[in-house]
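Novice: Give me a model of this one.
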Amino acid sequence: MNLTTTYMGLTLRSPLVPSASPLSERIDNIQRMEDAGAAAVVMHSLFEEQLRLERYELHHHLTHGTESFPEALTYFPELSSFRVGPEEYLDHICKAKEKTCIPIIASLNGCSAGGWINYARQIEQAGANALELNVYDVPTDATLPGEQIEQTYVEVLNAVKATVSIPVAMKLSPYFTNMTNMAKQLDRVGANALVLFNRFYQPDINLETLEVEPNVLLSTPQSMRLPMRWIAILYGHVNANLAATSGIHSGRDVLKMLMAGADVTMLCSVLLRHGIDQIRVIEQEMREWMEEHEYESVRQLQGSMSQKNCPNPSAFERAQYMRSLQTYKPEASYYEIRG
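Specialist: As a prediction, the model looks like this:
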């Protein structure tokens, strides 16, 4: 049975790719992922805030005490001319490449078209096979139009594509006014892949301390419906590869995403919850279903249930909204059961 797929020009043994998570912070974990059958690994993210902090620290140490001699400041070049950043991340990529044979995809997480983009070149030089850009931004300025927000994504991608020669993927949120239009814009700029979707971790309020606290909730299988819908709609309409992420917990989930049109499926919560060896379980579930239904390769089923090829394409659109509500039958309530 042939599970081979292609993603951003990389030939992968299967569609199973661990996404960015704390698991990849250790080289031995990346090795375990490879041993368990991972076709590639997306590294944990390097955040814009980390790069900004290092620049501030460098600037502080370079200029500390120089105010004692007014002319001394002219001896130092402008901060922008320094190429700085977390060297540990670059070293981690080098070690991962040395210790494994699978593609290593770096991840940059930021919210502006700033200096963090320039770090992409160093990531390429460190040996990364590809780069995933995660523009994680929650706009709060009421005067900022949606078009300007979209333009930020385009500018970030355009700048990175002009800097590196390795493939670049754009990880998107689902909150655009017109997702299809946004995908087409990024496709025209040259995105090698679109990763659907980023999960924004929503904060919580602690009633005891009266503080706003971060809150990470792992995904459930129900979370896959949104990316599956949009992958099915985009399949065949963009040149970029499509990666499904969020809510993929079983071999059946992977198969559904592939049928919708995904080239790869990215795993995170399921590995954090059940361990890295769950990759083997998911692959075996895929193989068993494909054998039972007489599929010989991933290519045979890919996109077969996309909007483009689905016998009922309106199922992905509003036409099914009323039907869904009309056919829903609520479960018996506690009081009905007790009565």
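
Novice: Isn't G9 up against N192?
Specialist: Yes: shown here, G9 and N192 form a contact pair, counting by CB atoms under 8 Å, at 6.9 Å. Every residue, glycine included, has its C-beta placed from N, CA and C.

Novice: How about the contacts made by the nearest residue to M8 once chain neighbours are set aside?
Specialist: Setting aside the residues directly before and after it, M8 is nearest to P167 in space (CB to CB, 6 or more residues apart in numbering), at 3.6 Å. For P167, the contacting residues are 8-10, 129-131, 192-193, by CB atoms under 8 Å, 6 or more residues apart in numbering.

Novice: mind showing which ranges of the stretch 51-200 of the chain have poor pLDDT?
Specialist: Low-confidence regions of the stretch 51-200 of the chain, defined here as pLDDT under 70, cover residues 51-85, 111-116, 200.

Novice: and if we set it to 50?
Specialist: Scanning the stretch 51-200 of the chain with the threshold set as pLDDT under 50 gives 53-85.

Novice: which stretches of it form helices?
Specialist: For the stretch 51-200 of the chain, the helices defined by DSSP state H, counting those that start in this stretch cover 87-99, 119-125, 146-163, 179-189.

Novice: coming back round to it: for the contacts of P167, which PyMOL command selects only the ones that are buried?
Specialist: For anyone working in PyMOL, the buried entries among those, judged by 16 or more other CB atoms under 10 Å, can be selected with:
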select buried, resi 8+10+129+130+131+192+193
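
Novice: Redo the contacts of P167 as JSON lines? Include distance to G146.
Specialist: Shown next, in JSON lines, are the contacts of P167 (distance: CB to CB, whole Å):
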{"residue": "M8", "distance to G146": "28"}
{"residue": "G9", "distance to G146": "32"}
{"residue": "L10", "distance to G146": "33"}
{"residue": "N129", "distance to G146": "34"}
{"residue": "A130", "distance to G146": "29"}
{"residue": "L131", "distance to G146": "26"}
{"residue": "N192", "distance to G146": "25"}
{"residue": "A193", "distance to G146": "24"}
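
Novice: Out of the contacts of P167, which is nearest to E208?
Specialist: Minimum separation from E208 among the contacts of P167 (CB to CB) is found for L131, which lies at 42.0 Å.

Novice: So that closest one sits against N109, correct?
Specialist: No: judged on CB under 8 Å, L131 makes no contact with N109 at a distance of 11.6 Å.

Novice: So which of the helices of the stretch 51-200 of the chain is nearest R273?
Specialist: Ranking the helices of the stretch 51-200 of the chain by distance to R273, with CB to CB as the measure, places helix 87-99 first at 23.3 Å.

Novice: Report the distance from that closest one to the chain centre.
Specialist: 20 Å (CA atoms, centre = their mean, to the nearest Å).

Novice: which residues sit against that helix?
Specialist: If you take CB under 8 Å, 6+ apart as the criterion, helix 87-99 is touched by 24-25, 27, 30-31, 41, 43, 46, 104, 106, 122-123, 125-128.

Novice: Return the members of these classed as buried.
Specialist: Among the contacts of helix 87-99, those scoring as buried are 24, 30-31, 41, 43, 46, 104, 106, 122-123, 126-128 (criterion: 16+ other CB under 10 Å).
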